[in-house]
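Trainee: After the sequence you'll find the predicted model.
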Amino acid sequence: MSLRSIFLLIVGSLTIVAAIITGILATNSWDRYNRASNAISLDEPLAMGMMNLARERGVTSIALAAADPAPEYLATSISHYRQAADASIRETIHFLSAHRHTDIVNDLLAQVTAAHARVDRLRPEVDVAISISASERQPDLAKEWITAITDLIEGCQMLRLVAARAANSPDTLLADLRILRYFAWMAVEYAGRERAMIGAMISAKTPMTYADLNGIARNRGMIELAWKITRFFASDASMPMEVRRTVQAADKAYFKDFDHQRAALIQAAIAGAPYTLSPQQWFEQSTAAINSLFAVDTAAGDAAAAEVEDTFLQTIFSMSLQAGLFLFGAGIAAALFMFMSRRVIEPIKGMTAATMRLAHGDLDVTIPHIGGKGEIAGMATAMGTFRDNAMARAQLEAELRRAREAAETANRTKSEFMANMSHELRTPLNAIIGFSAMIKDQLRGPIAENYQNYAADIHESAEHLLAIINDILDISKLESGQMAIIEEEVSVEDILNLVLRIHHSHIDEKKIVVELDFEEELPTIRADARMLKQIISNLLSNAIKFNVEGGRISLRLRRTDNDGLLLIVSDTGIGMNPADIPRLLEPFTQADTSLHRIYEGTGLGLAITKSMVELHGGALTVESNTNAGTTITVTLPRQRAVAEAAVARHP
């Protein structure tokens, strides 16, 4: 076979391979685009359905709380919101049922369908209840209705999140928009709950108790936390201007204009005066303010759709350009070979030497000068082009390194911002904690009992908020890889006993029996003492929080078969559904997210604990069943154990 035939065969094969690769990349891009487009198309009816369900919940709560039958305008509003919500939910169910999806989408679809059926079943009873006086209504109907419609709203939100993740885009802006939409809807949801709570009190004409104010304050804290995170992501320079303007407008409409009316109403209720707004006025004004928050969710969705479309078009253009350049280069190479085939003896030796130097990375090589317009001259020109391209590629790699360094610098700047923000938040919080403790303990003289209770609530809430801030900062450092281990030789047994003393009062308060089972001659380990203390404290705190009164907690320390260390924490508490365990190991996730959940928390404890254990090269496993307790096992590798075993110690 001639050299020409060999060369043409190689060029043809490479062209076919390039065409196949380009086709595969184009197919994958098109598939990602379709999935993202479907997710965004699905998001709009879901969002509108959730918004109308929240409005139906708010108006119905006002009607069920009133002593008299609901006036006609309330019944009309309920019917309008119900029809709009049902149309959106049924459109979503029909769309999802007509396509194949993953198991998690199918499970969520089944949950939403069941929740919707439950709401439909209760609606006739609710319609009857609001048409009669309070004395004739079923006593538990309002609670059952609120729980059912809230479950439906939360199921729809989970479908939105799963649909958003279906886009599976590495684009940072799309990821930020997805997070922004989550927290914007979180603010809308808690604002809707506040609308229902206060609307029910106005409708029932009952004064606000201390418990009511405490519940409203906690709900308000969740609104402000979600909105603070929303504003943080919206402030990024890459965020579309329309999203930023919508956030600014919502900030003014809800947290400034509407907040004056809300504060005046609550102040009047605290003072014992009649409510300053009627149920209809309260619902209309609060709904208008909540709509401004929902507009942020809508604007972010529109921006995400535009970003997906733009990214897809850029990908197609880039792939087409690469394919064209490759084919063009292949054609040039084939043409040059036709001229090269006549002169291949002496001139090729110099070209071979130059090629060897280029192959070894010597980009300063001088290409032999060949005069004339013959084949070898063309080859020399081609080699010069190759060298120039290699130099350009090296320059491009250098620019990429500089860009990566700039990104790392930006990441460090973000970390410094988080550290500064930590200082700015912790300083006033510590002042609040200190002064509220002085007032609570009456260090400056006696005060009224109700003010002492207020001070105690302020002190407890400030400490809770400080713990949340610390958890958020820890998870941020862990996820960015900026949390370093400060190793020292520590005794797990000593740290465990220290944590037990810290939680002693909580253990006694719930009358929990703690069982200790430590293997003798356990080794000391090399670990970060602060992280190890936080790991054990988080596990013990959860075991106490979710335990029943008079329950039991078992703490065991064991050697593993390969001389590692096992810490096993078991409790007889409420346990959890095994299917929820992977989700509960993710940040900001809780088993109970309903309106009436019993246990507080941000859902960061287990995620932080798992990350800290893995930072030490260990592993964390969870075994649990509903109403059957929970067992969490922390395994530390043998590399963490100090060679000499510690002298056995007993608590």
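Mentor: Received it, and whenever you're ready, just let me know what you need. Note that the coordinates shown come from a computational prediction; the quantities given were computed from them, not determined experimentally.

Trainee: same for whichever strand or helix holds E493, what does it pack against?
Mentor: Using DSSP states H and E, E493 maps to helix 492-502. Taking 3 or more C-beta pairs under 8 Å, 6 or more residues apart in numbering; DSSP states H and E as the contact definition, the neighbouring helices and strands of helix 492-502 are helix 529-545, strand 552-559, strand 565-571. Every residue, glycine included, has its C-beta placed from N, CA and C.

Trainee: quick check: angle from it to strand 565-571?
Mentor: Orientation check (axes from the mean of the first three to the mean of the last three C-alpha atoms, to 10 degrees): helix 492-502 against strand 565-571 gives 30 degrees.

Trainee: how about helix 492-502 as PDB, C-alpha atoms only?
Mentor: What follows is helix 492-502, C-alpha atoms only, in PDB (Å, rounded to 0.1, in the frame of the first residue of the first chain):
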ATOM      1  CA  VAL A 492     -12.400   9.600  72.600                       C
ATOM      2  CA  GLU A 493     -13.500   8.300  76.000                       C
ATOM      3  CA  ASP A 494     -12.500  11.600  77.700                       C
ATOM      4  CA  ILE A 495     -14.200  13.700  75.100                       C
ATOM      5  CA  LEU A 496     -17.400  11.600  75.300                       C
ATOM      6  CA  ASN A 497     -17.500  12.000  79.100                       C
ATOM      7  CA  LEU A 498     -17.000  15.700  78.700                       C
ATOM      8  CA  VAL A 499     -20.000  15.900  76.300                       C
ATOM      9  CA  LEU A 500     -22.100  13.900  78.700                       C
ATOM     10  CA  ARG A 501     -21.500  16.400  81.400                       C
ATOM     11  CA  ILE A 502     -22.400  19.300  79.100                       C
END
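
Trainee: What about the nearest residue to I290 once chain neighbours are set aside, how many residues nearby?
Mentor: If the residues on either side of it in the chain are set aside, I290 comes closest to A191, at 4.9 Å by C-beta to C-beta, 6 or more residues apart in numbering. For A191, the number of neighbouring residues by other C-beta atoms under 10 Å comes to 27.

Trainee: How about the one 4 residues further on?
Mentor: Per other C-beta under 10 Å, the neighbour tally for R195 reads 25.

Trainee: same thing with V296?
Mentor: For V296, the neighbour count with other C-beta under 10 Å is 28.

Trainee: Tell me the confidence at the closest residue to it other than its chain neighbours?
Mentor: Closest residue in space to V296, ignoring its immediate chain neighbours: A184 at 4.3 Å, by C-beta to C-beta, 6+ apart. A184 is assigned a predicted lDDT (pLDDT) of 87.

Trainee: tell me what the helix or strand harbouring A184 is packed against?
Mentor: Mapping A184 onto the secondary structure by DSSP H and E places it in helix 172-204. Applying 3+ C-beta pairs under 8 Å, 6+ apart, one finds that helix 172-204 makes contact with helix 3-65, helix 141-165, helix 210-234, helix 259-270, helix 279-340.

Trainee: Pull the residues that contact stretch 51-62.
Mentor: Outside stretch 51-62, the residues that touch it by C-beta atoms under 8 Å, 6 or more residues apart in numbering are 74, 77-78, 81-82, 84-85, 88-89, 126, 130, 142, 145-146, 149-150, 152-153, 156, 188-189, 192, 195-197, 199-200, 202-203, 279, 282-283, 286-287, 290, 294.

Trainee: What would that stretch look like as CSV? C-alpha coordinates only.
Mentor: Presented in CSV, the C-alpha positions along stretch 51-62 are these (Å, rounded to 0.1, in the frame of the first residue of the first chain):
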residue,chain,number,x,y,z
MET,A,51,-49.4,29.8,44.9
ASN,A,52,-53.2,29.4,44.5
LEU,A,53,-53.2,26.5,47.0
ALA,A,54,-51.5,28.8,49.5
ARG,A,55,-54.1,31.5,48.8
GLU,A,56,-56.9,28.9,49.2
ARG,A,57,-55.4,27.8,52.5
GLY,A,58,-55.2,31.4,53.8
VAL,A,59,-58.8,32.3,52.9
THR,A,60,-60.2,29.0,54.2
SER,A,61,-58.3,29.4,57.5
ILE,A,62,-59.9,32.9,58.0
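
Trainee: tell me the mean pLDDT for it?
Mentor: Stretch 51-62 shows an average pLDDT of 82 in the prediction.

Trainee: chain center to that stretch: distance?
Mentor: Computed by C-alpha atoms, centre = their mean, to the nearest Å, the chain-centroid distance of stretch 51-62 equals 27 Å.

Trainee: Pull out the buried positions in stretch 115-130.
Mentor: Within stretch 115-130, the residues scored as buried using 16 or more other C-beta atoms under 10 Å are 115-116, 118-119, 122-123, 126-127, 129-130.

Trainee: Which residues does it contact?
Mentor: Here stretch 115-130 makes contact (C-beta under 8 Å, 6+ apart) with 60, 63-64, 69-70, 74-75, 78, 82, 89, 93, 137-138, 141, 144-145, 148-149, 151-152, 155.

Trainee: What subset of those residues is buried?
Mentor: Listed as buried from these are 60, 63-64, 69-70, 74-75, 78, 82, 89, 93, 137, 145, 148-149, 151-152, 155; burial here means 16+ other C-beta under 10 Å.
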